[in-house]
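predicted model follows, preceded by the sequence.
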Amino acid sequence: MPENYDKTLVSYVDVLGFAELLKERTSTDIARLLRTMKQNFAAGGRVHRTRNDEIVKIFKSFNFSDLIVRTTRIEPDAEIRDIIESELFYLSENQLSLAVEGILIRGGICTDELCAVPEDSIVFGPALVKSYKLESEYAVYPRIVIDRDMIWEAQDKGYIAFWQDYCSRGDDGAYFVDYLFGASLTGLEVGMPGDQPDAERRIQGHRDMIVNFVEKRIRGQSNRIAERIKQKWTWLGLYHNSTIRRLKERLQQSTKGRNLDRFLVPEESLKF
């Protein structure tokens, strides 16, 4: 490994369709959105406790406009399983919360070599390049793509089961952060503590966000909407319904599981 490079977990995230948001929302709204994203994605970082019981800061966050880069240095004696599980949980919670507000994000997450100097706003290295390529070439839809090397390593070392509820594989073979399933399952199974939003309310919000966009923005003017935009919303609607059915199957023994059908996006809303 080159000098000053560290093995690092990198999450590269930006807003899908940000150029359109600039046309549709006021500068005040955009500034509020970027401020919220900066604060939320700069939180939730981990520290590392050494064998000598020393606390070491390993998390750093960088942002430019709607681009967020989260980096977590992986110490030689660190439990990488726990680091990845924590990051997937955090990304899922934030992606769902933003989606309910009508903000869709995409990105890439990987582990590789990185040099990060936050005091100079400098970050570079193979991990950043890889996470960018995952976002730009494979994300396509509103999803955070997970590098296959991470999945294969987790399978080989036997810890994939610890965070499999937070990752899924698309029809195109790409693995991605399964934000709606992971975040919703946690809330439905154990409930959200304190003042955290209710799981069913967020599922309803996710459904309404999709239906409202289709009805207001696509329905009736489908011929004037770019095909790539229609594909993204079709993917999102299908992902939502697939997740509802999987949640229902997982929770079939509980009242919450039996009542999930009411959150499905109507089939007619996916025909445009």
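That came through, no problem.

centroid-wise, who is the farthest residue in the protein?
Distance from the centre of the chain peaks at N52, with 34.2 Å (Cα atoms, centre = their mean).

relative to V15, how far out is that one?
N52 is 42 Å from V15, where distance means Cβ to Cβ, to the nearest Å. Just so you know, the C-beta spots here come from the backbone N, C-alpha and C atoms, and that holds for glycine as well.

how about H48?
30 Å.

repeat for L264
Using Cβ to Cβ, L264 is found at 27 Å from V15.

cool, and R143?
Separation of R143 from V15 (Cβ to Cβ): 13 Å.

so which of these two has more stuff around it?
Legend: neighbour count by other Cβ atoms under 10 Å for R143 and V15, higher for R143 (28 against 23).

which phi and psi does the residue lying closest to that one once chain neighbours are set aside have?
Once flanking residues are discounted, R143 sits nearest to F176: 4.0 Å by Cβ to Cβ, 6 or more residues apart in numbering. With angles defined as degrees, to the nearest 10, F176 sits at phi -150, psi 160.

what is the burial count for F176?
F176 has 25 neighbours, counted by other Cβ under 10 Å.

what sits against it?
The neighbours of F176, taking Cβ atoms under 8 Å, 6 or more residues apart in numbering as the test, are 139, 143-146, 167-170.

what is the nearest of the residues you listed to E200?
Nearest to E200, judged by Cβ to Cβ, of the contacts of F176 is S168 at 21.0 Å.

the closest one and E119, how far apart?
37 Å.

more neighbours: these two, which one.
S168 (21 against 6).

model confidence score at that one, please.
Looking at S168, its pLDDT is 95.

what's across from it in the sheet?
With beta bridges defined as DSSP bridges, S168 has these partners: F176.

got the contact list for it?
By Cβ under 8 Å, 6+ apart, the contact set of S168 is 175-176, 178, 181.

want to try a markdown table for those, with pLDDT and distance to T28 as columns?
As requested, the contacts of S168 are exported to a markdown table (pLDDT from 0 to 100; distance: Cβ to Cβ, whole Å):
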| residue | pLDDT | distance to T28 |
| --- | --- | --- |
| Y175 | 96 | 37 |
| F176 | 97 | 32 |
| D178 | 97 | 34 |
| F181 | 96 | 34 |
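
of all those, which two lie farthest apart?
Top of the distance list for those (Cβ to Cβ): Y175 and F181, 13.3 Å.

stretch 112-130: which residues count as buried?
Within stretch 112-130, the residues that qualify as buried are 112-116, 123, 125-130, counting by 16 or more other Cβ atoms under 10 Å.

same check on stretch 26-44?
Under the neighbour-count criterion of 16+ other Cβ under 10 Å, stretch 26-44 has 30, 33-34, 37-38, 41, 44 buried.

cool, thanks, signing off.
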